[in-house]
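Trainee: sequence and predicted structure are below.
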Amino acid sequence: MVCTALAIVRLHDLFAVVMLAGIYSLLSASLFLDLDAVDVAFTEASVGAGISTLLMLASLKLVGRHQKKKRYKPTLALGIVIVTGGLLVYGTFDMPHFGSADAPVHKHVAPRYMEESMTEVGVPNMVTSVLASYRGFDTLGETVVVFTAAIGVMSLLLVSRETKQQSKKKVPADMQQQIILRVVAKMMLPLILLFALYVQFHGDYGPGGGFQAGVIFAAGVILYTMLFGLSNAQRIFKRQVLVLLTASGVLVYAGVGVACMLLGGNFLDYDVLRHDPVHGQHLGILLVELGVGITVASVMITLFFKFTWRTVKHKYIS
């Protein structure tokens, strides 16, 4: 991983940098897998090595493959990075040693979750219990961050309606001559989307959840777009629908919290959703994970469409 990071810093070929960044994420996923953090490894592989690599490749069409020569020496920026990194390393000196049995997380937090989560939440996958129930506020914040980031990127990549109308008439699919790829993709796409649904609704019992499922679903749509063209993809996934889904996922998540309050509980306290607290936890986790999956999938698809539209504008319209 260190060699990969150093190579990323040294290279000026942005395509190679993107590929190495994907390899770095894949190595990170392997490290998490070795540490038995299967859910984190799953997320890193799907988000870091998968969808992020695709989005960065799409952005390369806008900025070009090779890094431009610097007109100034980034001495100040390098100094800030070194000082910040030094402060972060200094801050770790007060933390318990890695794997120490005396660390507070091993004496209080982790035993609490392991001993009580099955009784209180009733979900076999303890990671899902922690992320969607015990740390429900944090996950809601992460979902809002994804939504906010999407709004910012969409604002920067605005494309006029006229350009889109012109593009629909002129833009062919980049890989329309790849007959074998198109046939294989038609066979694989239903399986990819079905696997995304499996990951979405099986997160209570194994590795998975809304983030991973949303990314896998978006990857399937992006694959379809690359092989069959943006115009065909836009006929199925309308822009207005994607925008509504992007916001509705966050609203579903926050709405579950509001419903808990209206039923007499605290915000995101799922116990009150059903007559039995454990059943309420199951229902609440299912709904909030669904909200996360809808937002993540919609954001990823929308961003890819936006990048592609900008590429279309430069390639076919300008």
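Mentor: Yep, it's here.

Trainee: V221 and F267, how far apart?
Mentor: In this view, V221 and F267 are 33 Å apart by C-beta to C-beta, to the nearest Å. Every C-beta, even on glycine, is put in place using the N, C-alpha and C of the backbone.

Trainee: neighbour count winner among those two?
Mentor: V221 (22 against 14; other C-beta atoms under 10 Å).

Trainee: just list the residues touching that one, thanks.
Mentor: V221 sits next to A233, F237, A297, I301, F304 when contact means C-beta atoms under 8 Å, 6 or more residues apart in numbering.

Trainee: can you give me the neighbour number for the second one?
Mentor: Spelled out, it's F237. F237, neighbours per other C-beta under 10 Å, totals 17.

Trainee: quick check: it touching A297?
Mentor: No. Contact criterion C-beta atoms under 8 Å: F237 and A297 do not qualify, at 10.0 Å.

Trainee: next, count neighbours for L194.
Mentor: So L194, with other C-beta under 10 Å, has 11 neighbours.

Trainee: correction: T148
Mentor: 11.

Trainee: give me the element it is part of.
Mentor: Using DSSP states H and E, T148 sits within helix 136-156.

Trainee: for that helix, what is the average pLDDT?
Mentor: Here helix 136-156 scores 89 as its mean pLDDT.

Trainee: packing partners of that helix?
Mentor: Contacts defined by 3 or more C-beta pairs under 8 Å, 6 or more residues apart in numbering; DSSP states H and E place helix 136-156 against helix 239-262, helix 277-312.

Trainee: G48 - nearest residue in space that isn't next to it in sequence?
Mentor: S25 (2.9 Å; C-beta to C-beta, 6 or more residues apart in numbering).

Trainee: so where is the stretch 101-250 of the chain shaky, pLDDT-wise?
Mentor: 159-176 (pLDDT under 70).

Trainee: what about the strands in it?
Mentor: Taking DSSP state E, counting those that start in this stretch as the criterion, the stretch 101-250 of the chain contains no strands.

Trainee: that one: helices as residue ranges?
Mentor: 104, 110-120, 126-129, 136-156, 161-170, 179-201, 210-228, 230-236, 239-262 (DSSP state H, counting those that start in this stretch).

Trainee: C-alpha coordinates for stretch 1-15, CSV please?
Mentor: Output in CSV follows, covering the C-alpha atoms of stretch 1-15 (Å, rounded to 0.1, in the frame of the first residue of the first chain):
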residue,chain,number,x,y,z
MET,A,1,0.0,0.0,0.0
VAL,A,2,2.9,2.4,0.7
CYS,A,3,4.4,1.7,-2.7
THR,A,4,1.1,2.3,-4.3
ALA,A,5,0.6,5.6,-2.5
LEU,A,6,4.1,6.8,-3.4
ALA,A,7,3.6,5.8,-7.1
ILE,A,8,0.3,7.9,-7.1
VAL,A,9,2.2,10.9,-5.8
ARG,A,10,5.0,10.5,-8.4
LEU,A,11,3.0,9.8,-11.5
HIS,A,12,1.7,12.5,-13.9
ASP,A,13,-0.4,10.1,-16.0
LEU,A,14,-3.9,10.6,-14.5
PHE,A,15,-5.2,7.3,-16.0
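
Trainee: list the contacts of that stretch.
Mentor: Residues contacting stretch 1-15 (C-beta under 8 Å, 6+ apart): 17, 20-21, 23-24, 27-28, 31, 57, 60, 63-67.

Trainee: let's see it at 10 Å
Mentor: The contact list for stretch 1-15 (C-beta atoms under 10 Å, 6 or more residues apart in numbering) reads 16-28, 30-31, 56-57, 59-60, 63-69.

Trainee: now the buried members of those.
Mentor: 17-28, 56-57, 59-60 (16 or more other C-beta atoms under 10 Å).

Trainee: what residue is smack in the middle of the chain?
Mentor: Geometric centre of the chain, nearest residue: V47, 4.9 Å, by C-alpha atoms, centre = their mean.

Trainee: is it correct that it is in contact with A213?
Mentor: No. Here V47 does not reach A213: they are 11.6 Å apart, not a contact under C-beta atoms under 10 Å.

Trainee: which residues do those two both contact?
Mentor: Common neighbours of V47 and A213 (C-beta under 10 Å, 6+ apart) are V296.

Trainee: confirm that R71 sits in a helix.
Mentor: No. Using DSSP: H, G, I helix; E, B strand; the rest coil, the assignment for R71 is coil, not a helix.

Trainee: and it, how close does it get to R65?
Mentor: 20 Å.

Trainee: next, count neighbours for the closest residue to Y270 other than its chain neighbours.
Mentor: Excluding the flanking residues, the one nearest Y270 by C-beta to C-beta, 6+ apart is G284, at 2.7 Å. Applying other C-beta under 10 Å, we find 26 residues neighbouring G284.
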